[in-house]
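Enquirer: just a sequence and a predicted model for now, questions to come.
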Amino acid sequence: MSISPFLIRHVRPTDPRPSEITPKAVFEGRREFLKVAAKTAAGAGAAAMAPGTMPAWAASEPARGQPIPNVAKWPRSATGKPTDYKLVTTYNNFYEFGLDKDEPALFSKDFKPRPWTVKIEGEIEKPGTYDLDDLIRPHALEERVYRFRCVEAWSMIVPWVGVPLGDVIKRLNPTAKAKYVAFETVYRPTEMPGQKLAVLKWPYVEGLRLDEAMHPLTLLTVGMYGEWLPNQNGAPVRLVMPWKYGFKSVKSVVRIVFTENRPVTSWNLSQPREYGFYANVNPAVDHPRWSQAKERRLGDAFFSPRQPTLPFNGYAEDVAQLYAGMDLAKLF
Ligand SMILES: Nc1nc2c(c(=O)[nH]1)N[C@H]1C(S)=C(S)[C@@H](COP(=O)(O)O)O[C@H]1N2
Ligand SMILES: [Mo]
């Protein structure tokens, strides 16, 4: 008897129904994406990264088994067993590489995360194009085990490696006019087949209020599980904001702009009713298509009980005061 791959796909215990999690237009774009991806992979070939193009702090290829040296342990790490590495690296949202959760791992192999520069612009006293190395090196790398949340009700425990974004921003001196920060993902359709589809406005943009960006929990992240970030998780540099839904954690960042006005962000632009600018984890405010009161840990069996979701994903003591006096049902 032959087993249909379609069936195998759908009995995976970690899979929510795609219709639950994906805007309809996006879901329907999937088949089109697979065609585009196949062509791109054939065209790009398997160009290897030249040795010597790695920044000094990334002395090794970002691959399994290459630990990041000199990482201090953050004393406040979440307790509990970290989510299985395999799941965190094969169950991703990264639309530049595909719309299904397994596609970023499959279609990001030709992406080249080194060398890498980040352009810093806008209301800032030290604008410029910085080598990622120069942005990170002055700060001590820390391993921080954070609880992390996807919009679609999955929670994970991930040991990220990075430096507090606020420390980097302080060095660059925002001007008195800076109230917001916008972060932009690289636009490279030859390496990112998903960018050939208009499912989101490319490049992917996310934004934060300046005080959120400066908050000591906001991590400018270069690694996870003691190793450099794999491409599908946002190599070589991404944000992690543990009190917000996953889509605020923009991946493969090449541009950071300090602004007076609130930036237009990709998800808010495409589905404003569903994805607000703040996106704080909030059990009291439902997504229009599903409850956000409970969550399931990635890797748990489908029939295991859901856990209640905590306000601000359990980081309320740290961050609730940032939103004092705001109506979080309106400013969701
Ligand atoms: N550039 C870019 N960044 C992105 C996304 C994306 O599609 N493109 N997806 C977001 C969403 S919806 C989530 S849940 C997280 C997932 O991060 P992970 O794959 O490391 O779990 O990345 C976020 N960052
Ligand atoms: Mo997400």
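Expert: Great, that's in hand. Ligands and ions are numbered 1, 2, ... in the order given.

Enquirer: switch to C-alpha atoms for all contacts and neighbour counts from now on
Expert: OK.

Enquirer: who in this protein is up against ligand 1?
Expert: Neighbours of ligand 1 within the chain, by Cα under 6 Å from any ligand atom: 92-96, 150, 185, 204, 233, 246-247, 249-251.

Enquirer: 8 Å - rerun?
Expert: Residues of the chain lying close to ligand 1 by Cα under 8 Å from any ligand atom are 88-89, 91-96, 148-152, 184-186, 203-205, 232-234, 238, 245-253.

Enquirer: of those, which belong to helices?
Expert: In helices, defined here by DSSP state H, the members of those are Val88, Thr89.

Enquirer: below-threshold pLDDT in the stretch 51-200 of the chain: ranges please.
Expert: The stretch 51-200 of the chain contains residues with pLDDT under 70 at 51-65.

Enquirer: need the strands for it, in chain order.
Expert: 72-73, 117-122, 128-131, 142-149, 154-164, 180-185 (DSSP state E, counting those that start in this stretch).

Enquirer: can I get the longest one as PDB, trimmed to CA atoms?
Expert: It refers to strand 154-164. Output of strand 154-164 as PDB, limited to C-alpha atoms (Å, rounded to 0.1, in the frame of the first residue of the first chain):
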ATOM      1  CA  TRP A 154       2.700  28.000  19.400                       C
ATOM      2  CA  SER A 155       5.100  28.700  22.200                       C
ATOM      3  CA  MET A 156       8.800  27.700  22.400                       C
ATOM      4  CA  ILE A 157      11.700  28.000  24.700                       C
ATOM      5  CA  VAL A 158      14.800  29.100  22.700                       C
ATOM      6  CA  PRO A 159      18.400  29.800  23.900                       C
ATOM      7  CA  TRP A 160      19.100  32.900  21.700                       C
ATOM      8  CA  VAL A 161      22.600  34.500  21.500                       C
ATOM      9  CA  GLY A 162      22.900  38.200  21.000                       C
ATOM     10  CA  VAL A 163      23.500  41.600  22.500                       C
ATOM     11  CA  PRO A 164      20.900  44.100  23.900                       C
END
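
Enquirer: and that strand with strand 142-149, angle?
Expert: Orientation check (axes from the mean of the first three to the mean of the last three Cα atoms, to 10 degrees): strand 154-164 against strand 142-149 gives 150 degrees.

Enquirer: ok, the residue nearest to Gly314 when sequence neighbours are not counted - contacts?
Expert: Of all residues beyond its chain neighbours, the one nearest Gly314 is Trp243 (7.2 Å), with distances taken as Cα to Cα, 6 or more residues apart in numbering. By Cα atoms under 8 Å, 6 or more residues apart in numbering, the contact list for Trp243 reads Phe148, Asn280, Val281, Phe312, Asn313, Gly314, Tyr315, Ala316, Val319.

Enquirer: before we move on, back to that, the residues of the chain next to ligand 1: which ones sit near ligand 2?
Expert: Residues of the residues of the chain next to ligand 1 in contact with ligand 2 (Cα under 5 Å from the ion): Cys150, Val151, Gly246, Phe247.
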